[in-house]
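# this is a predicted model, with the sequence first.
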Amino acid sequence: MNFKQPKNIVFDLGGVLIDWNPRYLFTEVFQKPDELDFFLTKICSPEWNEEQDGGRSLAEGTEVLVKKFPDFRREIELYYGQWHRMLGGSIQSNVSIFEALRNQGRYQLFALTNWSAETFPIAIRQFAFLQDFSQILVSGVEGMRKPAPAFYQLMFDRFNIVPQETLFIDDSLRNIDAAEKMGLQCIHLPLEKSLRAGLIPFGITLE
């Protein structure tokens, strides 16, 4: 595939620059792995969490589950009550690359994240590098989230960028597939993949 060197680089945050995982909290709550898996796949599931990322309030999201699973009230309320304990820190190898790109000054650096409007301020306080983006678009603030095409279009309009001149980096293949359909150049970046190596085909080096 032939890549064009981009003018803009857009980072996802969770799973790319920030390590977030509910298991960091709930391994201390559930002693048995099967109970932990059940809770995080069937009760406080990724699909449920995405509704808060899309703009639903934490209070409403919690209330919905407590009504459905009253025997798990305590655990459900812990999800957002102790949400900060799900943050494992920065993914330093990728943050170092972000900082190197920032220092080069060759690219506009943005972030497009699926994140609750109510919990994102916690990340802002904890991760100083978030101040170094030109702009950050937060799904919970906007009431839409990846992979909705409208969220990518909002990014183009808000950041005043052209998709063909923009590189998008995300750990979710679903989000990457949607981004490519919107004309973005993309790097799918699961944790085991090297961001440094992924940038090379786009003519981006850190020297």
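Sure, I can see it.

# quick check: the gap between the residue of the chain positioned farthest from its centre and I43.
Within the chain, the residue lying farthest from the chain centre (Cα atoms, centre = their mean) is D71, at 30.5 Å. D71 sits 10 Å away from I43, going by Cβ to Cβ, to the nearest Å. Any C-beta I mention is one placed from the backbone N, CA and C, and that applies to glycine too.

# poorly predicted segments of the chain, please.
1-3 (pLDDT under 70).

# which elements pack onto the longest helix along it?
Using DSSP state H, we find that the single longest helix of the chain is helix 92-104. Identification of packing neighbours for helix 92-104 by 3 or more Cβ pairs under 8 Å, 6 or more residues apart in numbering; DSSP states H and E yields strand 108-113, helix 195-199.

# please identify the most buried of those.
Among the helices and strands packed on helix 92-104, ranked by average contacts under mean count of other Cβ atoms under 10 Å, first place goes to strand 108-113 (a mean of 22).

# got the angle for it vs helix 92-104?
On the basis of axes from the mean of the first three to the mean of the last three Cα atoms, to 10 degrees, strand 108-113 is oriented at 140 degrees to helix 92-104.

# residues in contact with the one helix or strand R73 maps to?
Per DSSP states H and E, R73 falls inside helix 73-81. Helix 73-81 is contacted from outside by 22, 25-26, 29-30, 39, 43-44, 52, 58, 61-62, 65-66, 69, 118-119, using Cβ atoms under 8 Å, 6 or more residues apart in numbering.

# after it, which helix or strand is next?
Next helix or strand after helix 73-81 toward the C-terminus (DSSP H and E): strand 87-90.

# partners of that following strand in the sheet?
Here strand 87-90 is paired, per DSSP bridges, with strand 18-20 (antiparallel).

# pull the CA atoms of whatever helix or strand comes next after the partner strand into CSV?
Downstream of strand 18-20, the first helix or strand assigned by DSSP H and E is helix 23-26. Provided in CSV are the C-alpha atoms of helix 23-26 (Å, rounded to 0.1, in the frame of the first residue of the first chain):
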residue,chain,number,x,y,z
ARG,A,23,-9.8,-5.5,35.7
TYR,A,24,-7.3,-3.4,37.7
LEU,A,25,-10.2,-2.6,40.0
PHE,A,26,-12.3,-5.7,39.9
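
# and the next helix or strand past helix 23-26?
Immediately after helix 23-26, counting by DSSP H and E, sits helix 33-38.
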